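**Student:** pasting a predicted model and its sequence here:
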Amino acid sequence: MCKKNALVCFPIAILAAVIQPGCSNPNTDTGSDTNRDTAGDSASNTGTDFDTETGADSESATESTLSGQYPGDVNIENDPAVLFHDDFEAGWGRWDAPLSDTPYLSMQTGSAAHSGTGYLQSRVTTADLETTEYISSSSRVAFARQDEIFWRFYARMPEVAPNPHHWVRVSAGSDGWESSGLANTVPQGDEGFWFDFDISNDDVFNFYVYWHEMRSGRCNDGSATPGCEGDQGTTYYYGNMFRPPEQQSYPRDTWFCIEMRAGANAPSQHTGELTFWIDDQLVGDYRPGYPNGTWLRDSFHTDGCEFSACTEPLPFEGFNFRTSADVGFKSVILDAYYERGSNATRRAELESRGLTVSDNQIIYYDDIVVATKRIGCRVP
Ligand SMILES: [Ca+2]
């Protein structure tokens, strides 16, 4: 596994403290700068009140959400807060790329759709991975840079098969920065940051985050100082892991609603936030002072940290994602990224549980909305 491109791989951690898979996503955004950012659209509200309450689950009724205002998502795309919408009823043309079916992505029509009759299918087979070691089945769209972004979509995994090595991505950058997805590379605070929203082999979710203050897996304390406590001997920086505890596994072959929220920080301050909901239930919530957890290497453990190097839990400090207000959220990438090696490992684990595992890694998508305010799940 992970032999081809040293840039995208890191040594499988010898210590048990690092549990994430050994490779990261090599598909960078370079060379595909089709975004519609224009000069002058940069976020200028540096002094915005980045309040810490918006990450909390609102008790309010659906009318406070875009979905509540637009039942059935009818005309939701016309709301000024909406940056992007696709219900897949009109085929390709809304994403910057691709513009037509690819070997892995195809527009589908049928009763399996979440809304209407159209939906998007990502399909990567075991045979595909035997031919190609790294496969990114992705579509992408860019928009004017934002300080806060919400992204809702529906997904459905119709078969029991390994989840992708990395899943969908949100990218933030300055006007010219297009390097999200570049593995083992710490982005500059005045250039960009990004995160993936991933699914584990246990069908639960986590953020996987790259930013200028990200931690290395080399040392217990997240630094990369030779001779440190727990020194693994090699400096590497892979996405920092935020996996909420006590999640329910999503159900197979059933549509579920994902919404994530990302709030950029006031430059150089630890006021950035990440949040996600599943079927409108708050699951992940990371903001200044919440939750309590323990950093160990490049993971923030909120579910207890049982390694000998673990320290007492402390309130999360908040994300200092950026040092410049020129860095804003600028694209989303509906990606399903697979690696031959990790796919085989995940497959073997599923089989060891007695499951019959399909050779088709399939994900359906429908009813995607990207906006600058809370979207909520679709109201019938
Ligand atoms: Ca649809």
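**Tutor:** Arrived safely. Numbering: from 1, shown residues only.

**Student:** the ion contacts on the stretch 51-200 of the chain?
**Tutor:** 87-88, 113, 115-116, 118 (CB under 5 Å from the ion). C-beta: built from backbone N, CA, C; applies to glycine.

**Student:** please redo it, this time with the cut-off set to 8 Å
**Tutor:** Within the stretch 51-200 of the chain, the positions adjacent to the ion are 87-89, 113-119 by CB under 8 Å from the ion.

**Student:** drop anything exposed from those.
**Tutor:** Among those, those classed as buried by neighbour count (16 or more other CB atoms under 10 Å) are 87-88, 113-115, 118-119.

**Student:** put together CSV for those residues, with pLDDT and secondary structure on each row.
**Tutor:** Formatted as CSV, these follow (pLDDT from 0 to 100; DSSP: H, G, I helix; E, B strand; the rest coil):
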residue, pLDDT, secondary structure
Asp87, 98, coil
Phe88, 98, coil
Ala113, 98, coil
His114, 98, coil
Ser115, 97, coil
Gly118, 98, strand
Tyr119, 98, strand
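
**Student:** in this structure, where is pLDDT below threshold?
**Tutor:** For the chain, the stretches flagged by pLDDT under 70 are 1-63.

**Student:** now the stretch 251-380 of the chain against the ion: closest residue?
**Tutor:** Asp366 (4.5 Å; CB to the ion).

**Student:** the residues of the stretch 51-200 of the chain next to the ion into CSV, with extra columns for distance to Asp128?
**Tutor:** Formatted as CSV, the entries for these read as follows, by distance: CB to CB, whole Å:
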residue, distance to Asp128
Asp87, 27
Phe88, 22
Glu89, 28
Ala113, 24
His114, 25
Ser115, 28
Gly116, 29
Thr117, 27
Gly118, 24
Tyr119, 21
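
**Student:** ranges for the helices of the stretch 51-200 of the chain?
**Tutor:** Along the stretch 51-200 of the chain, the segments classed as helices by DSSP state H, counting those that start in this stretch run 66-69, 126-131.

**Student:** send the alpha carbons of the helix or strand hosting Asp366 over as PDB?
**Tutor:** Secondary-structure element containing Asp366, defined by DSSP states H and E: strand 360-371. C-alpha atoms of strand 360-371 as PDB (Å, rounded to 0.1, in the frame of the first residue of the first chain):
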ATOM      1  CA  ASN A 360     -19.200  -2.400  -6.100                       C
ATOM      2  CA  GLN A 361     -18.400   0.600  -3.900                       C
ATOM      3  CA  ILE A 362     -21.500   2.600  -4.700                       C
ATOM      4  CA  ILE A 363     -22.700   5.900  -3.200                       C
ATOM      5  CA  TYR A 364     -25.900   7.700  -4.400                       C
ATOM      6  CA  TYR A 365     -26.200  11.500  -3.900                       C
ATOM      7  CA  ASP A 366     -29.100  13.800  -4.100                       C
ATOM      8  CA  ASP A 367     -30.500  17.200  -3.000                       C
ATOM      9  CA  ILE A 368     -27.300  19.100  -2.500                       C
ATOM     10  CA  VAL A 369     -27.400  22.700  -1.200                       C
ATOM     11  CA  VAL A 370     -24.400  24.900  -0.200                       C
ATOM     12  CA  ALA A 371     -25.400  28.100   1.600                       C
END
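
**Student:** same for it, what does it pack against?
**Tutor:** In terms of contact count using 3 or more CB pairs under 8 Å, 6 or more residues apart in numbering; DSSP states H and E, strand 360-371 is assigned the packing partners strand 82-86, strand 118-125, strand 148-156, strand 328-339.

**Student:** report the buried residues of it.
**Tutor:** Along strand 360-371, these residues count as buried under the neighbour rule (16+ other CB under 10 Å): 361-371.

**Student:** what about the helices and strands packed on strand 360-371, which gets the closest to Glu229?
**Tutor:** With CB to CB as the measure, strand 328-339 is the member of the helices and strands packed on strand 360-371 nearest Glu229 (30.7 Å).

**Student:** what residues of the closest one count as buried?
**Tutor:** By neighbour count with 16+ other CB under 10 Å, strand 328-339 contains the buried residues 328-339.

**Student:** give me the subset of those touching the ion.
**Tutor:** Answer for the buried residues of strand 328-339 near the ion: none qualify (CB under 8 Å from the ion).

**Student:** hmm, back to that, pick the most deeply packed of the helices of the stretch 51-200 of the chain.
**Tutor:** Between those, the one whose residues have the most neighbours on average, counting mean count of other CB atoms under 10 Å, is helix 66-69 (a mean of 20).

**Student:** so what does that helix touch, helix or strand wise?
**Tutor:** Checked by 3+ CB pairs under 8 Å, 6+ apart, helix 66-69 has no helix or strand packed alongside it.

**Student:** what's the spacing between that helix and its chain's center?
**Tutor:** Centre-to-centre, helix 66-69 and its host chain are 24 Å apart (CA atoms, centre = their mean, to the nearest Å).
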